[in-house]
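J.: Attaching a predicted model along with its sequence, questions to come.
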Amino acid sequence: MAMAARSFLCPHLHVSSAGAAIREKPFLGAHGISFPRRTSRSGGGGALAASAMASTVLVTGAGGRTGQIVYRKLKERRDQFIGRGLVRSEESKEKIGGADDVFVADIRDPTALVPACQGIDALIILTSAVPKMKPGFDPSQGGRPEFYFEDGMFPEQVDWIGQKNQIDAAATAGVKHIVLVGSMGGTDLNNPLNRIGNANILVWKRKAEQYLADSGIPYTIIRAGGLQDSAGGVRELLIGRDDELLKTETRTVARADVAEVCIQALLLEEAKSKALDLASKPEGQGSPTSDFKSLFSQVTATF
Ligand code: NAP
C-alpha cells in the first residue's frame with residue numbers, strides 16, 4: 001500500500017517517509033547588522049555579479065528545510081553575500097528557484113564538489129542523512145513507526161564521509177570559515193537517535209565535527225535542538241554545551257533561527273573556532289535575540 005506522505009518530529013530528528021519533504025514556511029524576518037566587507041576571490045557568473053565586495057558563501061543541503069532558509073537569506077543580503085547553493089538533485093534545484101548559482105552534486109562524491117567550492121570564502125554545511133519510515137505503519141493502531149536508511153545513504157556515508165568531503169573540498173578551495181550544523185545529543189551513545197536504523201547518526205555527525213575542529217580552518221559548530229518550522233526572530237536563543245540543555249525544558253529551536261545564527265556566525269569574529277548547543281525559550285518568554293555578538297561571546301567551548 002502506498003504510504004501517504006507524512007513526517008515525524010523525533011526529539012531531534014525530523015524524518016520523512018518515502019522521501020516526502022516538509023517544506024519551510026516562507027521566511028519571516030531578517031536581522032540587519034553592519035558587516036565588515038571583504039573582497040571576494042570568486043569569479044562566478046550570472047547572479048554572482050551582484051557585488052564585487054561581498055563574501056562568496058556556499059550552503060549545502062540547500063534544498064533541505066533549514067538549507068532553503070539559509071540560501072534565501074544569503075540571496076536577500078546581496079550587499080554582504082554572494083550566495084550559492086548545493087543540492088542533491090535537479091528536482092531540489094528547481095524547488096529553490098533553479099538559478100545558475102545552485103550546483104547539483106552528491107556530497108559522497110568528492111570530485112563532484114569541486115565546481116561548487118571553487119572561489120568560496122565560506123561554507124555552511126546543512127546536509128544530513130534522513131531516515132525513511134518503513135511502510136505499513138498505521139497511526140490509528142498506535143505504537144511507533146520504524147525507520148531505516150537507504151543503502152549507501154547511511155549516516156556513515158552522508159554525515160561522516162559526505163561532510164568530510166565537503167570540508168576537504170572547501171579547504172582545497174582556500175575557504176576562510178566553515179559553519180557546520182549538527183545536533184544535540186552527541187555526548188550520549190545511548191541517545192535514541194543513534195538507534196534509528198541502528199545507524200549511530202550522532203556518532204558520525206560528531207566525527208565530522210571533530211574533523212572540522214582539527215582541520216585548522218576557522219569554524220563554528222552549531223548543535224541544534226529539536227527543529228521547528230516556525231517563525232524566526234521572535235524567541236530568545238539559548239546557548240549551551242555538552243548537551244546540558246537536553247536536561248531542561250528548552251530544547252527546541254526554529255529552523256529560521258538556526259539559519260540566522262549560521263549567517264551571523266559568518267559575520268562575527270566572536271563565533272570563530274567555537275562549538276555551541278542551540279535552543280530557544282518559548283515565544284513570549286524572555287526577549288527575542290538580536291545581539292548575536294553577545295550571543296557568540298557567551299560561547300567558551302571549542303568542541
Ligand atoms: P533536511 O531538511 O533533512 O535536509 C537535509 C539535506 O541534506 C537535504 O536537502 C538532502 O537533500 C541533503 N542531502 C542528504 N544526502 C545528500 C547527499 N548525499 N548529497 C547531497 N545532499 C544530500 O535538514 P533539516 O531537518 O533542516 O536539518 C538541518 C540540520 O540540523 C541537519 O544536520 C540535521 O541533522 C540537524 N538537526 C535536525 C534536528 C531535527 O529536529 N530535525 C535536530 C537537531 C539537528 P535532498 O533534499 O535531495 O534529500
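T.: Yep, it's here.
J.: Show me the beta-bridge partners of residue 84.
T.: residue 58 (DSSP bridges).
J.: mind checking pLDDT for it?
T.: The model reports residue 84 with a pLDDT of 98.
J.: didn't it look like it was pressed against residue 102?
T.: Yes: here residue 84 reaches residue 102: they are 7.2 Å apart, a contact under CB atoms under 8 Å. For glycine as for every other residue, the C-beta is placed from the backbone atoms N, C-alpha and C.
J.: neighbour-wise, which of these two wins?
T.: Between residue 84 and residue 102, counting by other CB atoms under 10 Å, residue 84 is the more crowded of the two (29 against 24).
J.: residue contacts, the more buried one?
T.: Taking CB atoms under 8 Å, 6 or more residues apart in numbering as the contact definition, residue 84 lies against 44, 48, 56-59, 74, 101-103, 116, 120.
J.: any idea how far the closest residue to residue 281 other than its chain neighbours lies from residue 107?
T.: Leaving aside its chain neighbours, residue 281 sits nearest to residue 236 (4.5 Å; criterion: CB to CB, 6 or more residues apart in numbering). Using CB to CB, to the nearest Å, one gets 34 Å for the distance from residue 236 to residue 107.
J.: More neighbours: these two, which one.
T.: residue 107 (24 against 18).
J.: ok, the residue nearest to that one when sequence neighbours are not counted - contacts?
T.: Closest residue to residue 107 apart from its sequence neighbours, by CB to CB, 6+ apart: residue 162 at 3.6 Å. By CB under 8 Å, 6+ apart, the residues touching residue 162 are 107-108, 127.
J.: so which of these would you say is closest to residue 157?
T.: Of all these, residue 108 has the smallest distance to residue 157: 5.6 Å, by CB to CB.
J.: tally of neighbours for that closest one?
T.: 16.
J.: and it, which of the three is it?
T.: Look at residue 108: counting by DSSP: H, G, I helix; E, B strand; the rest coil, its state is coil.
J.: Done for today, thanks.
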